[in-house]
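[1] How does the following fold in three dimensions:
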Amino acid sequence: MRIQVRPVEARDLDPVVGLSLRAWAPVYASFAEVMGPEVFGRQYPDWRTSQRSEVEAACTEGKAHVWVAEDGGKVVGFVAVVLEPDGTAGAVELLAVDPDCQGRAVGTTLTEFATTWMKEAGVTLASIWTGGDPGHAPARRTYEKTGYTALPLVRYYKAL
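    Next comes the predicted model:
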């Protein structure tokens, strides 16, 4: 695999949305299992629509800095970074890798690229959010491998 990272372009929107929904399907399945159907249904009544909207907004609204990873001209992943207004902190807000390309260093490449870009932009504290559920285990491994430190947090839900 020869991964190249470049800024997102308008032509990338459909491939980025498609790979994101495929990549996050196991994550939402994990959420459903952990949360149970009643809570999951209330928290994520239509996760595909909300994720599509979030990815489209990141790629088009200009609030995030977005790059795609390509292999042989095919988009195989993307990352979106948002900087705090003062520029000293930044966050990887979204990152997804096509399921057919997972386990081939695409996520690591995108994480390292985003981290380096933030550092060069003057950011002194970078963060990445991910879940503690089984569906997010590959993401946690990638972030830890690239030097991020996890802060265990717990979020509770209850259907009322």
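[2] contacting residues around the longest helix belonging to the chain?
    Assignment by DSSP state H gives helix 13-35 as the longest helix of the chain. By C-beta atoms under 8 Å, 6 or more residues apart in numbering, the residues outside helix 13-35 that reach it are 8, 40, 43-44, 47-48, 51-52, 55-56, 59-60, 68, 74-78, 94, 96-99, 102, 131, 133-136, 157. The C-beta positions use only the backbone N, C-alpha and C, and glycine is treated the same way.
[3] Quick one: neighbours of P138, just the number.
    Neighbour count of P138, defined by other C-beta atoms under 10 Å: 17.
[4] Can you tell me the closest non-neighbouring residue to L125?
    What sits nearest to L125 in space, not counting adjacent residues and going by C-beta to C-beta, 6 or more residues apart in numbering, is A89, at 4.7 Å.
[5] helix, strand or coil for the most centrally placed residue in the chain?
    Nearest to the mean C-alpha position of the chain, by C-alpha atoms, centre = their mean, lies L95 at 2.2 Å. Look at L95: counting by DSSP: H, G, I helix; E, B strand; the rest coil, its state is strand.
[6] ok, and for the next helix or strand after the longest helix of the chain, which residues are buried?
    Remark: after helix 13-35, the chain's next helix or strand is helix 37-43, criterion DSSP states H and E. Across helix 37-43, burial judged by 16 or more other C-beta atoms under 10 Å covers 39-40.
[7] Keeping just the C-alphas, turn helix 37-43 into PDB.
    Only the C-alpha atoms of helix 37-43 are listed here, as PDB (Å, rounded to 0.1, in the frame of the first residue of the first chain):
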ATOM      1  CA  PRO A  37     -31.900  -1.500  22.100                       C
ATOM      2  CA  GLU A  38     -34.000   1.000  24.100                       C
ATOM      3  CA  VAL A  39     -31.300   3.400  25.000                       C
ATOM      4  CA  PHE A  40     -29.500   3.000  21.700                       C
ATOM      5  CA  GLY A  41     -32.700   3.700  19.800                       C
ATOM      6  CA  ARG A  42     -33.200   6.900  21.700                       C
ATOM      7  CA  GLN A  43     -29.600   8.100  21.500                       C
END
